[in-house]
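> Take a look and give me a structure for this.
(one chain, ligands or ions: 1)
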Amino acid sequence: MTLFDKLTQERRARLTAEQRLEHRTRELNAAMGQLEQMRLELHQLRQRGRTTALEEAQRAAEVQNLTHRARAETESAQRSATQAERRLWDSINTIRDGFAVFNQNHELVIANQAYLGVFAGIPEVQIGISYRRLVEILAHEDRVDIGHLGRDQWIEMMLNRWEEDKIDPMVLHFSRGDTARIHDRRARGGDIVSLVRDITEQQRHAAELDEARVRAEAANRAKSAFLANMSHEIRTPMNGVVGMAELICDTSLSDEQRLYAETIRSSGEALLNIINDVLDFSKIEADKLALHPEPFDLERCIHEVLILLQAGARKRSIDLLMDYDLFMPTRFMADPGRMRQVMTNLIGNAVKFTQAGHVLIRVVGMEESETEQKITVTVEDTGIGIAPENIDKIFGEFAQVDEQANRKFEGTGLGLAITRRLIELMGGQIWVESELGKGSCFAFSLTLPLAADADPFHAEPIPLEHVMVVDDHLINRTILERQLGAQGLKVTLCEDAEQALAAIDSCKGEGIDLVITDHEMPGMDGLDLTQKLKEDGYEMPVILLSSSPAVLRDHPGISGLRAILQKPLLRHDLLRQLHLLSHPEEPVEVVEPRPRAPMPVTGDGRRMRILAAEDNKTNRLVFSKMVDGLAVDLRFAEDGLQAIDGFKEMKPDLVFMDISMPGMDGRTATREIRQLPNGAQVPIIALTAHAMAGDQEEILAAGLDHVMTKPLKKPLLLDMIARYRPDDTCPLTAPLDKTG
Ligand code: ADP
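Prediction:
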């Protein structure tokens with residue numbers, strides 16, 4: 001072998017060895033890689049194995065913890081539940097009310113001490129006992145008052161109760177002295193829960209309250225009776241005082257004597273007003289004052305009040321004026337007495353607190369519905385006024401503005417408080433606006449139902465075109481201008497007679513159809529004006545407005561007049577006169593608010609017969625003096641029985657009946673008289689000193705026709721007699737009514 005061959009061989013062997021080495025190296029590397037891989041895996045495996053064990057250990061610890069806590073909580077909850085249950089039971093046991101639960105078979109499941117207490121000493125009463133048995137025990141062991149029922153009936157009643165769907169509560173009186181109200185309720189699963197509420201205290205309170213109420217009512221009745229009696233007792237002698245003073249004033253007296261007599265009379269009247277106020281106020285306080293609405297004429301009511309107050313107003317030259325909304329109805333439903341009281345108080349105050357100027361009453365209305373009107377009445381005066389700081393006080397009780405100026409006015413300070421209550425009772429409001437030294441304006445508004453016979457003022461056309469109004473008073477002229485203007489008449493206003501004469505002369509009276517003139521005016525008065533017009537040959541009719549028409553009755557100047565109308569003017573009277581102008585043949589009419597005063601005797605005929613029942617001697621004397629000089633036959637009776645005898649013997653045309661008389665009272669006597677022949681028709685006038693609520697209604701219900709309150713007023717008494725004088729009797733002879 002050559003070297004080359006050897007070398008080649010060598011090289012081949014080396015290459016092979018190298019290849020083998022490389023192969024081996026690769027194998028080794030692969031094995032190393034595997035080994036590393038396995039090592040890694042082994043490491044990982046080892047790692048993982050270690051973690052799981054830790055976790056498991058941790059989890060186990062947590063579970064253990066939880067278990068501990070849960071157990072603790074369960075124990076605590078159990079403790080709380082036990083405690084709550086114990087508390088609940090303790091509470092249920094401590095309350096005085098009984099509590100029990102029965103299952104659907106009506107067997108007792110639970111009951112507290114109070115429930116079981118009524119069964120004390122009966123061993124059989126335990127949980128599980130039936131309701132029926134409990135009821136039987138109650139009845140048979142006399143544990144309960146079963147009232148008028150027999151035992152078996154009572155048991156049956158108690159069992160039947162539980163058959164109802166809704167079990168009504170019932171009251172049981174236990175023999176041990178307590179009383180309970182039993183409330184049984186159906187609960188879930190047919191259970192019945194029974195609650196026995198102790199109402200012993202409650203009943204005791206109710207009984208006490210009842211007793212207190214009865215006592216209070218008795219006291220109140222006693223007070224009312226006392227007030228009624230006191231009123232009667234005071235009024236009876238006052239009747240004598242005021243009546244006699246009035247009679248003395250009618251006789252001829254020296255100035256000094258007249259002053260004394262007038263003072264007695266006005267003080268007496270003031271005292272009576274105070275008594276009335278106090279009585280009214282106590283009635284309102286006791287909620288005893290009820291309203292008695294009936295149809296009444298609002299305009300007339302105000303008018304009558306104005307007429308009554310006119311004498312006082314005239315003394316101080318205060319003009320009393322009324323402006324009643326022309327298109328407003330006058331007839332409403334309201335309590336006439338109370339409306340009059342409100343008006344008297346407001347207008348009376350206005351007159352009382354005014355020294356000069358006027359008092360103007362305005363009435364306006366607004367239709368609320370077809371059957372109701374909202375009326376607003378304002379009473380405006382030019383008097384002393386009220387300071388702003390006193391305005392809020394005056395509607396309070398016993399409130400008088402305490403000023404030097406005010407002290408000279410008498411009063412109780414109750415009038416406005418009563419007025420406000422009355423207006424509120426009627427559903428209205430009252431307010432006042434005032435300026436010190438200038439005057440006040442009191443106003444109230446309320447909604448009144450129209451009376452069934454109310455006629456909204458539909459005036460027919462008046463047969464005139466042009467009217468002259470002569471009045472020195474601006475407000476009066478304005479009111480008349482508005483009222484006549486609303487009738488479609490042309491109105492010429494004159495401030496005095498001279499102006500009127502000048503105006504008439506300038507047109508020679510042409511086109512002036514009527515003159516309406518005030519009576520009292522500065523310079524030439526209304527009557528002189530009339531006379532002058534007639535002398536000058538003017539023919540137009542003249543209507544005179546006068547505050548005291550009765551005084552003018554005998555005045556020679558009235559022959560030229562068409563009519564004399566009472567001031568303040570009633571719309572109705574004025575319109576009636578305007579309509580009557582188309583009948584010029586009618587004689588002069590003197591329109592007064594009251595029935596005419598007695599006229600002198602002119603004809604024959606018998607004398608009117610009057611029977612007066614009156615137990616009080618002074619009152620009889622006053623009565624006889626008041627009718628003194630009338631052409632009447634007067635007979636007195638001293639009690640009810642004498643009145644009946646008197647009626648039978650005398651057959652009177654008119655009876656005056658005192659209500660409170662010893663023996664037979666006026667009501668009974670009236671009822672008896674009503675049964676006698678002619679007794680049903682004869683007018684019977686009650687004379688009463690009582691001024692308590694309901695008196696009037698009660699008296700009228702006894703069959704009397706009117707109620708006159710004592711002390712009697714002569715003019716009212718004479719009016720009443722004149723009103724009922726039968727046609728076949730001679731006219732009443734009397735001196736003309738001075739107060740007319
Ligand atoms: P009385 O008139 O009996 O004192 P009232 O309750 O009627 O009681 O009135 C209370 C007070 O209100 C009066 O005392 C007076 O001070 C005041 N007052 C009432 N009306 C008027 C008025 N028209 N002008 C001025 N003050 C008045």
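
> what about the helices in the stretch 151-300 of the chain?
151-161, 200-249, 255-285, 298-315 (DSSP state H, counting those that start in this stretch).

> Which elements pack onto the second one?
The contact analysis (3 or more C-beta pairs under 8 Å, 6 or more residues apart in numbering; DSSP states H and E) places helix 200-249 against strand 179-186, helix 255-285, helix 617-626. All C-beta spots, glycine's among them, are computed from the backbone N, C-alpha and C.

> To the ligand, which of the ones you listed lies closest?
Set against the ligand and scored by C-beta to the nearest ligand atom, the helices and strands packed on helix 200-249 come closest in helix 255-285, at 7.0 Å.

> Report the angle between that closest one and helix 298-315.
Counting by axes from the mean of the first three to the mean of the last three C-alpha atoms, to 10 degrees, helix 255-285 lies at 150 degrees to helix 298-315.

> Tell me which helix or strand comes right after the helix or strand of the chain with the lowest mean pLDDT.
Ranked by mean pLDDT, DSSP states H and E, the weakest helix or strand in the chain is helix 404-407, scoring a mean of 52. Using DSSP states H and E, the helix or strand that follows helix 404-407 in sequence is helix 415-425.

> which residues are in contact with the helix or strand that comes right after that following helix?
Downstream of helix 415-425, the next assigned helix or strand under DSSP H and E is strand 429-435. Outside strand 429-435, the residues that touch it by C-beta atoms under 8 Å, 6 or more residues apart in numbering are 385-386, 391, 394-395, 419-420, 423-424, 440-446.

> how does it look with 10 Å?
342, 346, 353, 376-381, 383-388, 390-392, 394-395, 416, 419-424, 439-446 (C-beta atoms under 10 Å, 6 or more residues apart in numbering).

> Now do the same for it: mean pLDDT, whole number.
Mean per-residue pLDDT for strand 429-435: 95.

> what lines up beside that strand in the sheet?
Sheet pairing of strand 429-435 (DSSP bridges) gives strand 439-449 (antiparallel).

> in the strand it pairs with, what counts as buried?
439-446, 448-449 (16 or more other C-beta atoms under 10 Å).

> And Glu638, how close does it get to Asp645?
Noted for Glu638: a distance of 11 Å to Asp645, by C-beta to C-beta, to the nearest Å.

> Neighbour count for these two, which is higher?
Per other C-beta atoms under 10 Å, whichever of Glu638 and Asp645 has more neighbours is Glu638, with 18 against 11.

> quick one, what contacts that one?
Glu638 neighbours (C-beta under 10 Å, 6+ apart): 613-617, 620, 646, 658, 661-663.

> repeat that for 8 Å
Glu638 sits in contact with 613-615, 661, where contact means C-beta under 8 Å, 6+ apart.

> returning to what we had before: quickly compare the helices of the stretch 151-300 of the chain and say which is most buried.
helix 298-315 (a mean of 19; mean count of other C-beta atoms under 10 Å).

> Quick check: what element follows it along the chain?
strand 318-324.

> Quick one: residues contacting the residue nearest the centre of the chain.
Most central in the chain under C-alpha atoms, centre = their mean is Leu425, positioned 2.2 Å from the mean C-alpha point. With contact taken as C-beta under 8 Å, 6+ apart, Leu425 is in contact with 289, 291, 338.

> Pull the number of nearby residues for the nearest residue to the second one once chain neighbours are set aside.
Taking C-beta to C-beta, 6 or more residues apart in numbering, and ignoring the residues beside it in sequence, Leu291 has Asp335 as its nearest neighbour in space, at 4.2 Å. Other residues near Asp335 number 19, with proximity taken as other C-beta under 10 Å.

> same check, this time on the one 3 residues further on
Summarising burial for Arg338: neighbours were counted as other C-beta under 10 Å, giving 21.

> Next, give phi and psi for it.
phi -70, psi -40 (degrees, to the nearest 10).
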